[in-house]
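Participant: Mind folding the following:
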Amino acid sequence: MSYYCIIASVFFPFTIRSRGKLISIASTSNIRSISPKICEQYELVEQKFKCGAHGYALNYGLRNCLVFTNETTLKKFTPKGQQFVGCSTRCLVSAILNISQFSTSCAQIQEEAFKSHVDCYLNCGFCEVCKTEKLALLKSYEWTDFLSFAAAQQVFAIIRKCGLFTCFK
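Facilitator: Numbers count the residues shown, from 1 in each chain. Prediction:
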């Protein structure tokens, strides 16, 4: 049976599969067709908080969301990598919408949003995907994305969870 999840007016079809007592949710949407429209949610957060061009919503969230929903970028990834990109993009958009409900400042949005990256990446299978997709991932980001203290914390948190050499096996 198919169901639909709505995140900020964007429909994501999924099915529920039962394996004994474990229930998993699997997306039935074509990952390659993840719509850049999902990225508009970052613009809504910006409209609410007015953090400006250097705030998280525009400078990091929207910019990277548009990169990872771009068909040219998605073609750099294997199907497994595309699944990771789709999962993590949806997770990050959902997280920023939740964060914007309780945040009171631009600084709080940025801090909480960066914290959400670790869980989104790990829950979407980064520790496995990084083994085969590291070049596609690195080519998709701007090198300046890794210069902030928040980004460095995020990278180290993921390395701690995945293991130091997991991505280089």
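
Participant: which intervals of this protein have sub-threshold pLDDT?
Facilitator: Scanning the chain for pLDDT under 70 picks out the ranges 1-33.

Participant: one more time with 80
Facilitator: The model of the chain has pLDDT under 80 over residues 1-33, 143-146, 168-169.

Participant: Kindly export the longest helix seen in it (C-alpha atoms) in CSV.
Facilitator: Ranked by residue count, the top helix of the chain under DSSP state H comes out as helix 79-102. What follows is helix 79-102, C-alpha atoms only, in CSV (Å, rounded to 0.1, in the frame of the first residue of the first chain):
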residue,chain,number,x,y,z
PRO,A,79,21.8,5.0,-7.6
LYS,A,80,22.8,4.3,-4.0
GLY,A,81,24.4,7.7,-3.7
GLN,A,82,21.3,9.3,-5.3
GLN,A,83,19.2,7.6,-2.6
PHE,A,84,21.4,9.1,0.1
VAL,A,85,21.2,12.6,-1.5
GLY,A,86,17.4,12.4,-1.7
CYS,A,87,17.1,11.1,1.9
SER,A,88,19.4,13.6,3.4
THR,A,89,17.9,16.5,1.4
ARG,A,90,14.4,15.6,2.7
CYS,A,91,15.7,15.1,6.2
LEU,A,92,17.5,18.5,6.3
VAL,A,93,14.5,20.4,4.9
SER,A,94,12.3,18.7,7.5
ALA,A,95,14.9,19.6,10.2
ILE,A,96,15.1,23.3,9.3
LEU,A,97,11.3,23.5,9.3
ASN,A,98,11.2,22.0,12.8
ILE,A,99,14.0,24.2,14.0
SER,A,100,12.3,27.4,12.6
GLN,A,101,9.3,26.6,14.8
PHE,A,102,11.2,27.0,18.1
